[in-house]
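Trainee: With the sequence up front, the predicted model follows.
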Amino acid sequence: MTTSGAFLAGSLAGRPAASRTTTAGVTSAGAPVRIGTVALTVRDLDTVSRFYQQVIGLAPIETGAGFARLGVGETVLLELRHNPAAPLASPRAAGLFHTAFLLPSRIDLAQWLLHAAEQRAPLQGASDHLVSEAIYLADPEGNGIEVYWDRPSETWAWRDGMVEMATLQLDLNGLAATAKTRDWAGLPDGSLIGHVHLQVGALDLSDRFYAGLLGLDVVCRYPGATFLSSGGYHHHIGTNIWNSRGAPVRSEPTTGLAEVELVTNADIFDAVRSRLSPEQATEAGRSRLPLRDPWGTPITLVSR
């Protein structure tokens, strides 16, 4: 696996998206770089898989010895990798903060909220982020989850290349009142993983990897956190040090985040590969480039 190192382009690290302005029609899925499949290592495959199906609303797409792939329609969003001997990841370690499932509309989020209440899912929070409305919870092994919808991008406020985001109280009763039906048949078509939020050991070093190497734009700085995106989205990757400041390289194996797949086009794929050392570049396949951030979190770039 290619690791982070001297290839990082310091002149690019942490650069803001200076040209970004309020624009209609911006979506997570329509960006040049977007989230593909997220993989988790779990100790109890049956229990965790059942949770993501019954509570979150994913459908089984492929199962086998030691794994389950879940998603929407024919699209795999989440892969669960079974390792019953893996120690539970420390909440202070680098790795996953949450996987964020993006629903197509506010009505979809409201209907999921009613479903979650019927399932007695233990919600951990709910926030209005200005660009989105989000509900938070965790799976049975402590992996963080966000379920959210985006406000139309023409309502997002940008200044000097930075998008305005906040953490305000979300009116859950008002949200629930917009649901049109209590019927639930799983996550609707068009649902996807809109972003992934990571715990890291230091924000400057994280910027050097996610902005400097991967070429993502820094679009928001928040106390203890940085948000990066592609194509004018509010964020595809979040990084924070709220629990993990100074965290060392991750121990393996542990439960938790096993891999984040970033899907892009051939031009961006080749541009990232060009920033690697010759030895590292030779490890890349024609369409898959396995990397690790400075804390050992596997990030795989996929060209499609």
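Mentor: Everything's here; your move. Just so it is clear, the model here is predicted, and its values are computed rather than measured.
Trainee: which residue is nearest the middle of the chain?
Mentor: Residue closest to the mean C-alpha point of the chain, counted by CA atoms, centre = their mean, is residue 196 at 1.3 Å.
Trainee: Tell me the predicted confidence for the nearest residue in space to it that is not next to it in sequence.
Mentor: Nearest residue to residue 196 in three dimensions, chain neighbours excluded: residue 260, at 5.3 Å (CB to CB, 6 or more residues apart in numbering). The way it works is simple: take the backbone N, C-alpha and C, and place the C-beta from them, glycine included. Residue 260 is assigned 98 on the pLDDT scale.
Trainee: ok, longest helix in the protein?
Mentor: helix 106-118 (DSSP state H).
Trainee: where's the lowest-mean-pLDDT helix or strand in the chain relative to the chain centroid, distance-wise?
Mentor: Ranked by mean pLDDT, DSSP states H and E, the weakest helix or strand in the chain is helix 278-281, scoring a mean of 76. Chain-centre distance of helix 278-281: 27 Å, with CA atoms, centre = their mean, to the nearest Å.
Trainee: Over to stretch 123-130?
Mentor: Distance of stretch 123-130 from its chain centroid, counting by CA atoms, centre = their mean, is 16 Å.
Trainee: Against residue 199, how distant is residue 90?
Mentor: Between residue 90 and residue 199 the distance is 10 Å, computed by CB to CB, to the nearest Å.
Trainee: Compare the two and say which is more crowded by neighbours.
Mentor: Under the neighbour definition other CB atoms under 10 Å, residue 90 and residue 199 were set side by side, and residue 199 has more, 30 against 16.
Trainee: Could you report the separation of that one from residue 159?
Mentor: 28 Å.
Trainee: Check residue 246 too.
Mentor: As judged by CB to CB, residue 246 and residue 159 stand 32 Å apart.
Trainee: again, but for residue 184
Mentor: Computed as CB to CB, the residue 184 to residue 159 distance reads 40 Å.
Trainee: same check, this time on residue 193
Mentor: From residue 193 across to residue 159, the span is 28 Å (CB to CB).
Trainee: Could you tell me how many residues sit around the residue nearest to residue 115 when sequence neighbours are not counted?
Mentor: Counting by CB to CB, 6+ apart, residue 115 lies nearest to residue 184, which is 4.3 Å off, once chain neighbours are set aside. Neighbourhood size, residue 184 [other CB under 10 Å]: 14.
Trainee: do the one 3 residues further on as well
Mentor: Here the count is done by other CB under 10 Å, and residue 187 has 25 residues near it.
Trainee: which SSE is residue 299 in?
Mentor: Per DSSP states H and E: residue 299 is located in strand 298-303.
Trainee: quick one: low-confidence parts of the stretch 201-304 of the chain?
Mentor: By pLDDT under 70, the low-scoring segments of the stretch 201-304 of the chain are 283.
Trainee: circling back: who are the packing partners of the longest helix of the chain?
Mentor: In terms of contacts (3 or more CB pairs under 8 Å, 6 or more residues apart in numbering; DSSP states H and E), helix 106-118 is packed against strand 132-138, strand 144-150, helix 172-176.
Trainee: Tell me which of these sits most buried.
Mentor: Mean neighbour count, computed with mean count of other CB atoms under 10 Å, is highest for strand 144-150 among the helices and strands packed on helix 106-118, reaching a mean of 23.
Trainee: tell me the secondary structure for residue 55?
Mentor: Per DSSP: H, G, I helix; E, B strand; the rest coil, the local secondary structure of residue 55 is helix.
Trainee: Distance-wise, check it relative to residue 125.
Mentor: Per CB to CB, residue 55 is found 16 Å from residue 125.
Trainee: Also residue 267?
Mentor: To residue 125, residue 267 is 39 Å away according to CB to CB.
Trainee: swap in residue 144?
Mentor: For residue 144, the distance to residue 125 - CB to CB - is 10 Å.
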